[in-house]
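Asks: compute the structure for the input listed below.
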Amino acid sequence: MSSRPVLSVDFGTTKSYFSKCPANDPSPVSIDFGDGRDGIPSAILYREGKMPLIGQTALDEYGDAAPGERNEMRLVTNFKADLPSSERARSAAADFLEGVLSMARSLHLDLEPGSRMVLFGVPCESDSFFRSAVREAARKGGFGTPELVEEPKGALLYHLKQGDIPVAKALEGVLVVDFGGGTCDFAFLQGGRAVHAWGDMSLGGRLFDDLFFQWFLDSNPGLEEELEAKGSAYFVHSLLCREVKEFFSRTMARDRTAAVSKVLPGYGRFRDMRWEEFLMRGRNYSPSVFFNQAWEAGAIPSRMDLFGRFKECLASGMRQKRIDPRKISLVILAGGSSLWPFVPDIIRGELSLPSDASSLPAGPVLLRSERPYTVISMGLAMLPALTERFAAIRMKLSAELPRFLRDEAGPALTKRCTIVKDRILAESGNEFFRKKIRPLFEEFRKEGGSLASLRRRLSEVLAAEEPFLRQSMESNFPLVISGLREEIRKLTAVWFSGHGIVAPGRDFSRTSQEENTEKGIISIGVPGIDGVLDILGGILGGIVTAGSAFLCGGSGTALLTAGPVGMAAGGIAGLSISWLLMRYGRKRVKGMAEEIALPPWLAAAIVAERRITGAEKELEKAMEKYLEIRLSSIRKDLEDHVRTIAADEIKALSEIGGF
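Replies: Here you go, the predicted model:
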């Protein structure tokens, strides 16, 4: 967008925030105008024969002035909302902005707009008249003609830069709640662009300042008349009670059972303030006489439920805009009033969000920064630098993907697959063959018996142990899938974090394809473990078959296909077998031979140790081949999944660049 550094302005109803950011480094700073706080109140005080005052100085001067002195003053606040319709508001806005630059120069703050790209935030719902008025006020105020950016994008960009959310998540359904000092604005974004916006132009933190002011008066009878006589009501209302409000809010966010007491030296004290009474007062709020006079708050109802009003503003906007709550994957809270603990409570209740923010990789559903009042101006300030950085990250991810799959994901996949393969092989070898099958062969070698009996017993054990083999698969394959998923998630997170972005961990959840892969592995009705059982049965049956062939005078399959070529127990036996083969055929003779009860010495000769050891090795090779086929399929799916995630993130980075 620009190679110049950036100056951004969140031009607020009750307070405005200014941030600046280097051209190529998305590291913005919020401007402190000397009072230890971010931002400056959007107020200007015109004084007869004197230069106007702005910000907190203007409010304090007016608040401390005697009634007679105020006749020579004109305090203008809340001019932002009236920009399209009031020349007086437009003039005040321009004078206020000019005063900001003048104050910055007097404080030796580097806020010069001439050498910077200037961005002003505007509400999403603002029309062309409002936007033109903002540009004109900025121009007259000495800021030049600024670029206008929708305010919620600033909040979104801020959390992207902080690494709070993956880039792709920022393009999903995002609800930005900007609850500030004077207004409450909602915006629903999709693809990073505002689709719907609505709000309440009078619901803001100043109403809660007034609530605490009335609470203070109720706690100190007779104080109202004293403040009026001294002309101190404004000071107590807008400064002291606001500080108590913020302290109470922080305390309640930590512990809603706590009682808060606070002394305001020279004026009185708050005694034993509790959350329940705060809720009661908020549900039955009426503006104080002082508030109506000082802020000309004629548009504010005489009685209202502050919490109900916030809740209804959210709910009615969702209904009228026909926004499906299920499409909201992320809520961002901005503005100082969003620090109130009732705000996330109401939002979670209305949108049916989890009671606690989930941690990454899935990503929290509800976000609020430590300084929510500055996120818009700081996010806007970093827009050019951040989009430039994202463009560079996009190119790096594309270039690094093959290396990542080869050098990072590849070894991890190989290691994990080897671990699971060895585990399954160990179970099939140790728990099955050596504990169930080998004892049968050893008993046969020691006790003797018929080969047919050995075959039957082997078949019975194989059938009885089939559930064990299935269980081994069912318990270990899900481990490899979830283990691989977690391993790749961590590696991808490290890869992405090396570029300053968050990996979209939620994309590693089980896909439908992955579900089918798991089911294909452990399902009884598909080729899988059944194939292994067939292989195992063939190996064990082969030993018995070889034994019967040995009895029939041959050397295994050669005899069964080409007739007898040797003798099993001497020449006479060989001649007898030859006669039997001629009379009954190979199959019948083989069956007859298997029914012969063999003495131990002959049984040991037929089922030699080398045959048992060979069968065990054949089983291991067959199982290993089977597992490699299955695991290679899973590995390929995960590699494809990483490619898809990287492609989606690269696409998302491109879309963010279009902000």
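
Asks: what about the stretch 101-250 of the chain, any weak spots by pLDDT?
Replies: The stretch 101-250 of the chain contains no residues with pLDDT under 70.

Asks: quick one, strands of it?
Replies: 117-122, 147-150, 174-179, 184-190, 193-200 (DSSP state E, counting those that start in this stretch).

Asks: which strands or helices does the fourth one pack on?
Replies: Taking 3 or more CB pairs under 8 Å, 6 or more residues apart in numbering; DSSP states H and E as contact, the helices and strands that strand 184-190 lies on are helix 151-161, strand 174-179, strand 193-200, helix 306-321. The C-beta positions use only the backbone N, C-alpha and C, and glycine is treated the same way.

Asks: residue contacts, Trp495?
Replies: Trp495 sits next to 400, 404, 408, 503 when contact means CB atoms under 8 Å, 6 or more residues apart in numbering.

Asks: what distance do you get for Val122 to Cys313?
Replies: Distance, Val122 to Cys313, by CB to CB, to the nearest Å: 20 Å.

Asks: Leu97 too?
Replies: 29 Å.

Asks: and those two? Which one has more around it.
Replies: Neighbour count, other CB atoms under 10 Å: between Leu97 and Cys313, Leu97 has more, with 27 against 19.

Asks: for the more buried one, pull up the helix or strand it's in.
Replies: helix 87-106 (DSSP states H and E).

Asks: for that helix, C-alpha coordinates in PDB please.
Replies: Taking Å, rounded to 0.1, in the frame of the first residue of the first chain, the C-alpha atoms of helix 87-106 are listed here in PDB:
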ATOM      1  CA  GLU A  87     -22.000  22.000  10.500                       C
ATOM      2  CA  ARG A  88     -21.200  22.800  14.200                       C
ATOM      3  CA  ALA A  89     -20.200  19.200  14.700                       C
ATOM      4  CA  ARG A  90     -18.000  19.200  11.600                       C
ATOM      5  CA  SER A  91     -16.300  22.400  12.700                       C
ATOM      6  CA  ALA A  92     -15.700  21.100  16.200                       C
ATOM      7  CA  ALA A  93     -14.200  17.800  14.800                       C
ATOM      8  CA  ALA A  94     -11.800  19.700  12.600                       C
ATOM      9  CA  ASP A  95     -10.800  22.000  15.500                       C
ATOM     10  CA  PHE A  96     -10.400  19.000  17.800                       C
ATOM     11  CA  LEU A  97      -8.100  17.300  15.300                       C
ATOM     12  CA  GLU A  98      -6.100  20.500  14.800                       C
ATOM     13  CA  GLY A  99      -5.800  20.800  18.600                       C
ATOM     14  CA  VAL A 100      -4.400  17.200  18.800                       C
ATOM     15  CA  LEU A 101      -1.600  18.000  16.400                       C
ATOM     16  CA  SER A 102      -0.900  21.200  18.300                       C
ATOM     17  CA  MET A 103      -0.800  19.400  21.600                       C
ATOM     18  CA  ALA A 104       1.500  16.700  20.200                       C
ATOM     19  CA  ARG A 105       4.000  19.400  19.000                       C
ATOM     20  CA  SER A 106       4.000  21.100  22.300                       C
END
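
Asks: for that helix, the distance to its chain's centre please.
Replies: 41 Å (CA atoms, centre = their mean, to the nearest Å).

Asks: residue ranges of each domain in this protein, please.
Replies: Domain ranges of the chain: 6-42+78-202+309-381, 205-298, 398-656, per automatic domain parsing.

Asks: what about Leu440, distance to Lys617?
Replies: Leu440 is 18 Å from Lys617, by CB to CB.

Asks: tell me the angle the helix holding Leu97 makes with strand 117-122.
Replies: 140 degrees (axes from the mean of the first three to the mean of the last three CA atoms, to 10 degrees).

Asks: which residues touch helix 87-106?
Replies: The contact list for helix 87-106 (CB under 8 Å, 6+ apart) reads 9, 11, 16, 18, 31, 33, 40, 42-44, 52-55, 76, 79-83, 110-113, 133-134, 136-138, 140-143.

Asks: could you do stretch 238-257 as well?
Replies: 59-60, 63, 205, 208-209, 211-213, 216, 258, 260, 262, 264, 267, 270, 273, 275, 278, 339-341.

Asks: would you show me how to pick out the buried ones of these in PyMOL?
Replies: In PyMOL, this line selects whichever of the contacts of stretch 238-257 come out buried by 16 or more other CB atoms under 10 Å:
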select buried, resi 59+60+63+205+208+209+211+212+213+216+260+262+264+267+270+273+275+278+339+340
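
Asks: ok so, going back, how about JSON lines for the domains of the chain, with distance to Gly68 added?
Replies: Output for these, formatted as JSON lines (distance: least, CB to CB, whole Å):
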{"stretch": "domain 6-42+78-202+309-381", "distance to Gly68": "24"}
{"stretch": "domain 205-298", "distance to Gly68": "10"}
{"stretch": "domain 398-656", "distance to Gly68": "57"}
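
Asks: any idea which of the ones you listed is most buried?
Replies: Highest mean neighbour count among the domains of the chain (mean count of other CB atoms under 10 Å): domain 6-42+78-202+309-381, with a mean of 20.

Asks: average pLDDT for the host helix or strand of Glu350?
Replies: In this structure, Glu350 sits in helix 342-351 according to DSSP H and E. Taken as a whole, helix 342-351 has a mean pLDDT of 93.

Asks: what packs against it?
Replies: Using 3+ CB pairs under 8 Å, 6+ apart: helix 342-351 touches strand 174-179, helix 306-321, strand 330-334, strand 366-368.

Asks: helices or strands next to the shortest one in the packing?
Replies: In this structure, strand 366-368 packs against strand 330-334, helix 342-351, with contacts taken as 3+ CB pairs under 8 Å, 6+ apart.

Asks: save these as CSV, and put in distance to Gly192 too.
Replies: Formatted as CSV, these follow (distance: least, CB to CB, whole Å):
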stretch, distance to Gly192
strand 330-334, 12
helix 342-351, 20
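
Asks: where does the stretch 301-450 of the chain dip in pLDDT?
Replies: Counting by pLDDT under 70, the ranges of the stretch 301-450 of the chain that qualify are 354-364, 427-431.

Asks: recalculate using a threshold of 80.
Replies: 301-302, 353-364, 413, 416-417, 419-433 (pLDDT under 80).

Asks: helices of that one, start to end?
Replies: Secondary structure of the stretch 301-450 of the chain (DSSP state H, counting those that start in this stretch): helices at 306-321, 342-351, 375-381, 383-403, 410-426, 438-447.

Asks: and the ones you listed as a markdown table, adding distance to Ser91?
Replies: Formatted as a markdown table, the helices of the stretch 301-450 of the chain follow (distance: least, CB to CB, whole Å):
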| stretch | distance to Ser91 |
| --- | --- |
| helix 306-321 | 31 |
| helix 342-351 | 35 |
| helix 375-381 | 24 |
| helix 383-403 | 29 |
| helix 410-426 | 65 |
| helix 438-447 | 98 |
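
Asks: which one, of the helices and strands packed on helix 342-351, ends up nearest to Ile606?
Replies: strand 330-334 (71.7 Å; CB to CB).

Asks: CA-only coordinates of that closest one in CSV, if you can.
Replies: Extracted in CSV, the C-alpha atoms of strand 330-334 (Å, rounded to 0.1, in the frame of the first residue of the first chain):
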residue,chain,number,x,y,z
LEU,A,330,-14.9,-16.0,16.5
VAL,A,331,-16.0,-13.0,18.7
ILE,A,332,-13.6,-10.1,19.2
LEU,A,333,-14.3,-7.6,22.0
ALA,A,334,-13.0,-4.1,21.6
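
Asks: what distance separates that strand from the centre of its chain?
Replies: 13 Å.

Asks: so which elements touch that strand?
Replies: Counting by 3+ CB pairs under 8 Å, 6+ apart, strand 330-334 packs on helix 151-161, strand 174-179, helix 342-351, strand 366-368, helix 375-381.

Asks: Throw these into CSV and include distance to Gly657, thanks.
Replies: Formatted as CSV, the helices and strands packed on strand 330-334 follow (distance: least, CB to CB, whole Å):
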stretch, distance to Gly657
helix 151-161, 12
strand 174-179, 17
helix 342-351, 29
strand 366-368, 22
helix 375-381, 15
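
Asks: appreciated, that's everything.
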